[in-house]
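Novice: Provided below are the primary sequence and the corresponding predicted coordinates.
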Amino acid sequence: MVFMGFVLGWQWTVLRFGVGIALVFGVATFANRFVPMEELSPGAGVAVAEAASATEPSESGSIWHRWLQALWELSAGLIPEYVVLVLILGAARAWLFPAVTASMGNSLLWILGMAVAGTLFVIPTAGEIPIVQTLMAFGLGAGPAAALLTTLPPVSLPSLAMVARVFPPRVLAFIAASVIVLGVLSGVTAATLGF
């Protein structure tokens, strides 16, 4: 947040902080109410039970052995899925992020498009700041930039796919839709206030 304040300006930091608070305390609370613990997939119950018993001594091996075994099982399933999704999104980026021109402006269509694209893509932590800064230097309006800035960090298509085995589809759809809606609202706010 401090880095964003120095690079983009403090108004962007306040906007991102507000959206983050809405996501953490609003969206997460509602998503939690959608799914009682008994509705989680069987794998989730097993994972919770294993996590609870991990502190107790077991005759099946040391804690390090069990940890490495769990890490291997998770990695064998998630890493290939993650790599494939990132490659597909990377190949599709030319159509999702066309050449930015000054004529793009702050239209609601561009704000919505950037909110959807930001929700799909996976980026490293704080990677959204130089991305938005560069796109704005090429003429991207404040509205689409704000939508992208607030939707890139929270979720991505690969992260949603990774937890799809545990959470019901309606919860994942609610979270993705909420991120998009908050991205559009932040884009409209930035465009209206003239960031």
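Specialist: Done, it's in.

Novice: show me where pLDDT drops low in the protein?
Specialist: Scanning the chain with the threshold set as pLDDT under 70 gives 36-60, 89-104.

Novice: for it, which helix is longest?
Specialist: Longest helix of the chain, by residue count under DSSP state H: helix 63-96.

Novice: tell me what the helix or strand following it is packed against?
Specialist: Sequence-wise, the next helix or strand downstream of helix 63-96 (DSSP states H and E) is helix 108-120. With contacts defined as 3 or more Cβ pairs under 8 Å, 6 or more residues apart in numbering; DSSP states H and E, the secondary structure elements packing on helix 108-120 are helix 63-96, helix 142-151, helix 169-193. C-beta: built from backbone N, CA, C; applies to glycine.

Novice: setting aside sequence neighbours, what's the nearest residue to the spatially most central residue of the chain?
Specialist: For the chain, the residue whose C-alpha lies nearest the mean C-alpha position (Cα atoms, centre = their mean) is residue 155; its distance is 1.4 Å. What sits nearest to residue 155 in space, not counting adjacent residues and going by Cβ to Cβ, 6 or more residues apart in numbering, is residue 179, at 5.5 Å.

Novice: and the one you found, what does it touch?
Specialist: The neighbourhood of residue 179, defined by Cβ atoms under 8 Å, 6 or more residues apart in numbering, consists of 23, 27, 115, 119, 151, 154-155.

Novice: and residue 195, by the same measure?
Specialist: Shown here is residue 195, whose contacts under the criterion Cβ under 8 Å, 6+ apart are 9, 11-12, 15, 142, 145-146.

Novice: do you know how far it is from residue 74?
Specialist: Relative to residue 74, residue 195 is positioned 40 Å away (criterion: Cβ to Cβ, to the nearest Å).

Novice: what's the answer for residue 129, then?
Specialist: With distances defined as Cβ to Cβ, the gap from residue 129 to residue 74 amounts to 30 Å.

Novice: same thing with residue 164?
Specialist: According to Cβ to Cβ, residue 164 and residue 74 sit 14 Å apart.

Novice: then residue 152?
Specialist: Taken as Cβ to Cβ, the span from residue 152 to residue 74 is 25 Å.

Novice: residue 128 too?
Specialist: Distance of residue 128 to residue 74, computed by Cβ to Cβ: 26 Å.

Novice: among the two, which residue is more densely surrounded?
Specialist: The residue with more neighbours, out of residue 128 and residue 74, is residue 128; 21 against 12, by other Cβ atoms under 10 Å.

Novice: so what's the closest residue in space to the more buried one that isn't next to it in sequence up against?
Specialist: The shortest distance from residue 128 to any residue other than its chain neighbours is 3.9 Å, reached at residue 152 (Cβ to Cβ, 6+ apart). If you count contacts by Cβ under 8 Å, 6+ apart, residue 152 has them with 118, 121, 123, 127-128, 131.
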